[in-house]
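Asker: okay, here's the prediction I keep looking at, along with the sequence it came from:
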Amino acid sequence: MSAGVGAGVGVGVLLGAAVLVAGGVRARSARPARRRVRLRRRDPGGPPAPDVALVCDLVAAAVGAGLPPGRALEAALDALAAEGFAEDAVLRRAAVRLSWGADPAEFAEVLAGHGTWDDLAEPLLLSARTGAPAATLLASAATSRRARRRWEAEAAAGRLAARLVLPLGLCTLPAFLLLGVVPVVLTLAGQVLS
């Protein structure tokens, strides 16, 4: 009986050592790639782009304070630039055109090719065409944009959880077999054969 237990323990130790050695070799070869990825993430390469919802909120506040939409957009862009956000040349050009008295439809056309700013252009265009208060429409667009971004983040988290099931299962199952099942089978086989 003790020979079977000794054989089971010996095989378990050898298998465990093999797994540790293989894991160490794999981890050591993957380390430089991980380091490069981390360095790239720390240095994004410039100032961050302003969030559309933030721009909508700033323009809504300025319009609510009495500025015309074009001047309000310029003031919002100036405030964002002062805070260190990246300057968007297309949005700046559209804001200048709007503040010079361009038709809001022309403003929307300038931004039409850049899907990022649709949530900003649509409320201003709707306000110019219908006379609805631009501040209310912009605040609503900002709220809608944040809700959509939150929903997208929750959906991405759900997809990530589903993707992690297989790799975690593939890591856990062999460990369970090696640490839980193999020693028991070897012990029983040693007892039956002796």
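Answerer: Perfect, I can see it now. As the structure is a prediction and not an experimental result, all values here were calculated from the model.
Asker: what's the offset of stretch 64-71 from the middle of its chain?
Answerer: Stretch 64-71 sits 33 Å away from the centroid of its parent chain (C-alpha atoms, centre = their mean, to the nearest Å).
Asker: quick one: terminal-to-terminal distance for it?
Answerer: By C-alpha to C-alpha, to the nearest Å, the extent of stretch 64-71 from end to end equals 12 Å.
Asker: buried residues, it. List them.
Answerer: By 16 or more other C-beta atoms under 10 Å, the buried positions in stretch 64-71 come out as 67, 69, 70, 71. (Glycine included, C-beta is placed from N, CA and C.)
Asker: any idea of the mean pLDDT for it?
Answerer: Across stretch 64-71, pLDDT averages out at 89.
Asker: so, low pLDDT: which residues of this protein?
Answerer: Under the criterion pLDDT under 70, the flagged ranges of the chain are 1-17, 19-45, 112-113.
Asker: nearest residue to the middle of it?
Answerer: residue 153 (7.0 Å; C-alpha atoms, centre = their mean).
Asker: please report how far it lies from residue 159.
Answerer: Distance, residue 153 to residue 159, using C-beta to C-beta, to the nearest Å: 11 Å.
Asker: follow-up on the earlier one: which of the buried residues of stretch 64-71 sits closest to residue 52?
Answerer: Checking these against residue 52 by C-beta to C-beta gives residue 69 as the nearest, at 15.7 Å.
Asker: what about dumping the CA coordinates of stretch 102-111 to PDB?
Answerer: Written as PDB, here are the backbone C-alpha positions of stretch 102-111 (Å, rounded to 0.1, in the frame of the first residue of the first chain):
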ATOM      1  CA  ALA A 102     -23.300  80.600 -41.700                       C
ATOM      2  CA  ASP A 103     -26.400  78.700 -42.100                       C
ATOM      3  CA  PRO A 104     -26.800  75.900 -39.500                       C
ATOM      4  CA  ALA A 105     -27.300  73.400 -42.300                       C
ATOM      5  CA  GLU A 106     -23.800  74.300 -43.600                       C
ATOM      6  CA  PHE A 107     -22.500  73.800 -40.100                       C
ATOM      7  CA  ALA A 108     -24.100  70.400 -40.000                       C
ATOM      8  CA  GLU A 109     -22.700  69.600 -43.500                       C
ATOM      9  CA  VAL A 110     -19.100  70.400 -42.300                       C
ATOM     10  CA  LEU A 111     -19.500  68.000 -39.400                       C
END
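Asker: export the buried residues of stretch 64-71 as CSV, with columns for distance to residue 85 and secondary structure.
Answerer: What follows is the buried residues of stretch 64-71, written out as CSV (distance: C-beta to C-beta, whole Å; DSSP: H, G, I helix; E, B strand; the rest coil):
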residue, distance to residue 85, secondary structure
67, 20, coil
69, 20, helix
70, 19, helix
71, 19, helix
